[in-house]
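Engineer: next input, structure requested:
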Amino acid sequence: MTVIFIVLTIVVILLTAAAFLEVTTEAPVTSRATSAVQEVEVDEEEAEPEPSPVYFATMTHLEGGWTQALQSEFFFDKQASYLRQAYDYAEQYDAVITIESEIPMAEAMIKWDDNLLQEALDRGQGVGTHCDIDPRTTFSTQEIIAEFVARKEAVDALVDPSENLGCAGGGGPSDWYLGAVGAGFTYLDGIVGFHYLAIPVADRPEGWDNRSILQEYYHYAAPADDSRFYPVFVSEVGFEEDATGDLLISAGDIGAIQSIAELDGIEGWEGECDGPCEFTRQDVDVLVKRIKTLVEGRDESRIMKLQVYIATQYYDDPDMEYFFSEMQKLQEEGVIQWASQKQVYEALTAS
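Structural biologist: Numbers count the residues shown, from 1 in each chain. This is a model prediction of the structure:
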């Protein structure tokens, strides 16, 4: 009987030990699973949102003063050759440029049967309207709308109106917001000092009275601080952001391409040269430096837009290919993303 009791005792001890070992070997598995879940939760908490893109755009204006385009086929063809050189470079270097036309060249394209704007779209580029409205004349609301409408209709006759959503310029003492929206535009680019003429003096940069703007600051980039690199919607004339607004202020100006070296970060449009500034590789090098500086210090939570102005004749300059090559490098490095003016607008409406 004693032997049986001893045997049973041993069996109980062995069973208890086995159960204990089973629990202790399973426990670490449960601990590791819990730890893995905790690590996933930590990773999700620490994950940062992707930075918003930096769009790089251009403006090339077919000017309102080019009335000779309707009389001289030679003049028209010369401008056409500049633009086709621009399209060639853009295609070669994965760029997207934007051509914005005033009335004379738009009408000349019909007269000479050479639709340069539709060709731009067909070749992957952007188009728009140039609103070279007299900044020294004060128009009534209906008159300023009519000024914008006349220019929009001239370009709409050449391309589908859905491609012609924006206007470059249009600044002056009249209510350019009502004029642009009344004509059917959804964004303005080419924002300069002229646009401040319609804004109360108290809301302008110091010293920017009407006389100073008309004599000196008329082509300075606006808004006159780094806020211009972040497009905003507005619901009235001015640069006050309103998320429910119906007109995008799409500025972002760095300057005219031939003046970048002379400006070197200084506010302005054209550098002070003896006569027109000469476009050189130094302009491109300074532009690259300026872009990198702006991008490094940006607010990554907001879409940034940078742009330069390129007059048609500079596309024929031998150093223009260097510009496109250097911008392509910045795009491949992820610093910028080429976009047309319309594509910038579409990105803002989608965000």
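
Engineer: so E241, which state does it fall into?
Structural biologist: Three-state assignment for E241 (DSSP: H, G, I helix; E, B strand; the rest coil): coil.

Engineer: residues near it, how many?
Structural biologist: When neighbours are counted by other CB atoms under 10 Å, E241 registers 14. Where you see a C-beta, it was placed from the backbone N, CA and C, and this is true even at glycine.

Engineer: wait, doesn't it sit right on P223?
Structural biologist: No - with contact defined as CB atoms under 8 Å, E241 does not reach P223; the gap is 10.7 Å.

Engineer: those strands in the stretch 201-350 of the chain, which residues are they?
Structural biologist: Ranges of strands in the stretch 201-350 of the chain, per DSSP state E, counting those that start in this stretch, are 232-234, 247-249, 253-256, 304-309, 337-338.

Engineer: what lines up beside the second one in the sheet?
Structural biologist: When pairs are called by DSSP bridges, strand 247-249 turns out to pair with strand 187-189 (parallel), strand 232-234 (antiparallel).

Engineer: over to the fourth one?
Structural biologist: Looking at strand 304-309 with DSSP bridges, its partner strands are strand 54-62 (parallel), strand 253-256 (parallel).

Engineer: ok, the shortest one next?
Structural biologist: Strand partners for strand 337-338, identified by DSSP bridges, are recorded as strand 54-62 (parallel).

Engineer: could you dump the helix or strand just after the strand it pairs with to CSV, C-alpha only?
Structural biologist: Per DSSP states H and E, strand 54-62 leads on to helix 73-92 as the next helix or strand towards the C-terminus. What follows is helix 73-92, C-alpha atoms only, in CSV (Å, rounded to 0.1, in the frame of the first residue of the first chain):
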residue,chain,number,x,y,z
GLU,A,73,3.9,87.2,-91.2
PHE,A,74,7.7,87.5,-90.7
PHE,A,75,7.2,88.7,-87.2
PHE,A,76,4.7,86.0,-86.5
ASP,A,77,6.9,83.3,-87.9
LYS,A,78,9.8,84.5,-85.8
GLN,A,79,7.8,84.1,-82.7
ALA,A,80,6.6,80.7,-83.8
SER,A,81,10.2,79.5,-84.3
TYR,A,82,11.0,80.6,-80.7
LEU,A,83,8.0,78.7,-79.3
ARG,A,84,8.8,75.5,-81.3
GLN,A,85,12.3,75.6,-80.0
ALA,A,86,10.8,75.8,-76.5
TYR,A,87,8.6,72.8,-77.2
ASP,A,88,11.6,70.9,-78.5
TYR,A,89,13.6,71.5,-75.3
ALA,A,90,10.7,70.7,-73.1
GLU,A,91,10.1,67.4,-74.8
GLN,A,92,13.8,66.5,-74.7
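
Engineer: related to what we said a few turns ago, winner for burial among the strands paired with strand 247-249?
Structural biologist: strand 187-189 (a mean of 27; mean count of other CB atoms under 10 Å).

Engineer: could I get the average pLDDT for it?
Structural biologist: Across strand 187-189, pLDDT averages out at 98.

Engineer: and the chain, what are its domains?
Structural biologist: For the chain, the structural domains run 1-47, 54-350, going by automatic domain parsing.

Engineer: how close does the closest residue to G255 other than its chain neighbours sit to F56?
Structural biologist: In space, G255 comes closest to L263 once its chain neighbours are excluded; the distance is 4.9 Å by CB to CB, 6 or more residues apart in numbering. Using CB to CB, to the nearest Å, L263 is found at 17 Å from F56.

Engineer: of those two, which one has the most company?
Structural biologist: A direct count of neighbours by other CB under 10 Å for L263 and F56 places F56 higher, at 25 against 22.

Engineer: okay if I get the strands paired with strand 247-249 as TSV plus distance to S81?
Structural biologist: Converted to TSV, those look like this (distance: least, CB to CB, whole Å):
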stretch	distance to S81
strand 187-189	25
strand 232-234	38
